[in-house]
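1. My questions concern the predicted model and sequence given below.
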Number of protein chains: 2
Amino acid sequence: MRALVFNNSLQYQIDYPVPHISEGDALVRITHAGICNTDLEITKGYMGFQGVLGHEFVGVVEECSDSNIKGKRVVGEINVPCGQCMYCTSNMTNHCTKRTVLGILNRDGAFADYTSLPLDRLHVVPDSVSNEEAVFVEPLAAAFEILEQIKIVPDDKVCVLGDGKLGLLIAQVLSLTGCNLTAVGNHSEKLSILDEIGIKTKLLSSFRENGFDIVVDCTGSSSGIKTAFQIVKARGKVVLKTTVAKKGLIDTNAIVIKELELIGSRCGPFDKAIEAIAARNIDLYPMISREFSIEEGIKAFQYASKKDSLKVILKIV
Amino acid sequence: MRALVFNNSLQYQIDYPVPHISEGDALVRITHAGICNTDLEITKGYMGFQGVLGHEFVGVVEECSDSNIKGKRVVGEINVPCGQCMYCTSNMTNHCTKRTVLGILNRDGAFADYTSLPLDRLHVVPDSVSNEEAVFVEPLAAAFEILEQIKIVPDDKVCVLGDGKLGLLIAQVLSLTGCNLTAVGNHSEKLSILDEIGIKTKLLSSFRENGFDIVVDCTGSSSGIKTAFQIVKARGKVVLKTTVAKKGLIDTNAIVIKELELIGSRCGPFDKAIEAIAARNIDLYPMISREFSIEEGIKAFQYASKKDSLKVILKIV
């Protein structure tokens, strides 16, 4: 099959083996897949991953033991847990220490004609959600994870730092709480997507506010964390949302002195993301920068790496 | 008056001016004071402080406008807030952005014959608490701050990393919750203080456990934070308790991937610390390494800097 494979360098291959599926697995024919910053970080060495990249996808179940799901259009959760460890038996399967992660850890991903996942990782996509929108379910679920972890009320003064793909999704999700929200970034054209839907935005260069109850850092840089520590209130919360290949210097004294709470946040609830898209609560089309075919995959990665790019979609079928 | 002054270097002075007191202030004649790691860090450049060092003390009120407190033996809270800002009016005076901090920030400290503090910062010491014990009230209050911030229940598996002065206090405070506690450090003779009172201890070199619900880092080093990230459960809590002059490299990816909660923790409730000492719940005498006179202050700092030292007390009266 066709596949985008990372093996110290990114390669487009036409003869990659179709995944073998075991009992309980589904073979999914990928229709569309999205390039995420994590994919870009992996090509810089993050996670030391080798294999087929890609973890944001929508596809059609082509083979599986459950006739109810065969032929259905699905998205898939990316963590595949062991089912038996302390985390798996306490409803924290995403933290299973033996997990594989689609296109990230010991499991081939979705930038290919086919991928495989256990049936219980799949979520059927309602007809009202397009393929392009469905590609956003995984990162949108990650945005909703914040609301699983902390309570945000209308009185809260909240700042989202970073106007990349994830930042724009998070700003949209947090705005659903009715909180006093400001989204801050470096790119006026990206922020304008939020302006359009009534979310207050600021360019970082002219941003002087502080005293935020909650700051979400999705800048993917240690300078973002530094800014977060400056603008958050004492005893406030800083949510860290992005992983980066490079470790950064962090001022732990600021955490102690301001008695901050730093909260790491990763994968989230797919059902809430699908519902929000179906309910037209999240505006996704303005976030699509460009579509490429899988044959153009390497070009697509180069395009996705550009500072002004947002979501780049690979059309695979 | 006699004073230990830091001014790029530590100096013992005999003619330092006695503090001027304003309306609402008390002039306190210091009897005993304790050297804290923060004092040692300040002499390495932390906070850029210049002036009389020292913030752990017990003394007698010699001058003030309130006749009820004159002549009383007192300890003092170290943060002196403005009383008017957002933090002061919302019961977070310790976070007042205009605060001065005794011997740490824009306010002369207690390694001197006299110090001054507003009356409302003082707590009268019960007769059952000795001067040596009273010196521990400030750091012990900081240990109790953890219980103000997070709930610890008997089912929790908790690790205190670091067997310095603060680590030993924190281990004793957390053991009051009945949690499943392990204290870990590099010094068997320091850990033996905890062994004596029935707290489980381990030398770091032979420590292989993980899966802790809560890890408190009081190592004052970034290697301590690294260990904390390794041994804490996914979605667990890491409490940061120590400030250091040197910023460290922190693996923020671990925070995101394990969805950790990092909680900075600083000054705490004096009333709970005084109560715990008076109730004989905390064993303090084994933690005193040595007493020095204020004239021997520089020698006392050198002694306090040694790896095997615990609390060094300056006897001032």
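-> Sure thing, it's come through. Residues are numbered from 1 along each chain as shown, chains lettered A, B, ... in the order given.

2. The closest residue in space to A:Phe136 that isn't next to it in sequence: neighbour count?
-> Nearest residue to A:Phe136, sequence neighbours excluded (C-beta to C-beta, 6 or more residues apart in numbering or on different chains): A:Leu284, at 5.1 Å. For the C-beta atoms, the positions are set from N, CA and C on the backbone; glycine is no exception. If you count neighbours by other C-beta atoms under 10 Å in any protein chain shown, A:Leu284 ends up with 22.

3. ok, now A:Val125?
-> 22.

4. swap in A:Lys44?
-> 10.

5. now it: how far from B:Gly103?
-> According to C-beta to C-beta, to the nearest Å, A:Lys44 stands 46 Å off from B:Gly103.

6. Tell me where the model's unsure across the stretch 101-250 of chain A.
-> A:245-246 (pLDDT under 70).

7. residue contacts, the residue nearest in space to the middle of chain A?
-> By C-alpha atoms, centre = their mean, chain A has its centre lying nearest to A:Pro139, at 2.8 Å. For A:Pro139, the contact set (C-beta atoms under 8 Å, 6 or more residues apart in numbering or on different chains) comprises A:34, A:36, A:56, A:165-166, A:169.

8. at 10 Å instead, please
-> A:34, A:36-38, A:55-56, A:165-166, A:168-170, A:267-268, A:273, A:287, A:311 (C-beta atoms under 10 Å, 6 or more residues apart in numbering or on different chains).

9. Out of the residues you listed, which comes closest to chain B?
-> A:Cys267 (8.9 Å; C-beta to the nearest C-beta).

10. A:Thr100 - how many residues pack around it?
-> For A:Thr100, the neighbour count with other C-beta under 10 Å is 17.

11. How much space separates it from chain B?
-> Remark: distance between A:Thr100 and chain B (C-beta to the nearest C-beta, to the nearest Å) = 14 Å.

12. The contacts of A:Pro139 in strands, which ones?
-> A:34, A:56, A:311 (DSSP state E).

13. rewinding a little: filter the contacts of A:Pro139 by proximity to chain B?
-> A:Cys267 (C-beta under 10 Å from any C-beta of the partner chain).

14. which one of the contacts of A:Pro139 sits closest to B:Phe207?
-> A:Cys267 (30.6 Å; C-beta to C-beta).

15. what does the model give the closest one for pLDDT?
-> Listed pLDDT for A:Cys267 reads 95.

16. and if you look at A:Asp251?
-> A:Asp251 is assigned a predicted lDDT (pLDDT) of 85.

17. Near it, how many other residues are there?
-> When neighbours are counted by other C-beta under 10 Å, A:Asp251 registers 17.

18. does it really touch A:Val238, like I thought?
-> No - under the criterion of C-beta atoms under 10 Å, A:Asp251 makes no contact with A:Val238, lying 11.8 Å away.

19. Quick check, the residue in the stretch 101-250 of chain A closest to chain B?
-> Here the stretch 101-250 of chain A gets closest to chain B at one residue, A:Ala234, 3.5 Å apart by C-beta to the nearest C-beta.

20. so what's that residue up against?
-> Shown in contact with A:Ala234 (C-beta under 10 Å, 6+ apart): A:211, A:257-260, B:86-87, B:92, B:94-97, B:264, B:266.

21. which element is A:Glu291 on?
-> Following DSSP states H and E, one finds A:Glu291 within strand A:288-293.

22. Drop anything exposed from the contacts of A:Ala234.
-> Using 16 or more other C-beta atoms under 10 Å in any protein chain shown as the burial test, the contacts of A:Ala234 include A:257-260, B:87, B:92, B:94-96, B:264, B:266 as buried.

23. which one among these gets closest to A:Glu132?
-> For the buried ones among the contacts of A:Ala234, the minimum distance to A:Glu132 (C-beta to C-beta) is 38.1 Å, reached by A:Leu260.

24. Name the nearest residue to the closest one, ignoring sequence neighbours.
-> Going by C-beta to C-beta, 6+ apart, A:Leu260 has B:Gly264 as its nearest residue, at 5.0 Å.

25. is the one you found in a bridge, and if so with what?
-> Per DSSP bridges, the residues bridged to B:Gly264 are B:Leu240.

26. thought it was touching B:Ile225?
-> No - between B:Gly264 and B:Ile225 there is no contact, the gap being 11.6 Å when judged by C-beta under 10 Å.

27. overlap in contacts of the two?
-> Contact with both B:Gly264 and B:Ile225 is made by residues A:252, A:255, B:240, according to C-beta under 10 Å, 6+ apart.

28. Just the closest of those residues to A:His187, please.
-> Distances from A:His187 to these, taken by C-beta to C-beta, are shortest for A:Ile255, at 28.7 Å.

29. Now do the residue lying farthest from the centre of chain A, the pLDDT please.
-> The C-alpha centroid of chain A is most remote from A:Ile257, which lies 31.8 Å away (C-alpha atoms, centre = their mean). Predicted confidence (pLDDT) for A:Ile257: 93.

30. Name the residues of the stretch 51-200 of chain A found near chain B, please.
-> So the stretch 51-200 of chain A meets chain B at A:86-87, A:90, A:92, A:94-97, A:101, A:105, A:145, A:148-150 (C-beta under 10 Å from any C-beta).

31. Filter the residues you listed down to the ones in strands?
-> Those of those lying in strands (DSSP E): A:Val101.

32. Of the residues of the stretch 51-200 of chain A next to chain B, which pair is most distant in space?
-> Counting by C-beta to C-beta, the most remote pair of these is A:Leu105 and A:Ile150, 26.3 Å apart.

33. Okay then, goodbye and thanks.
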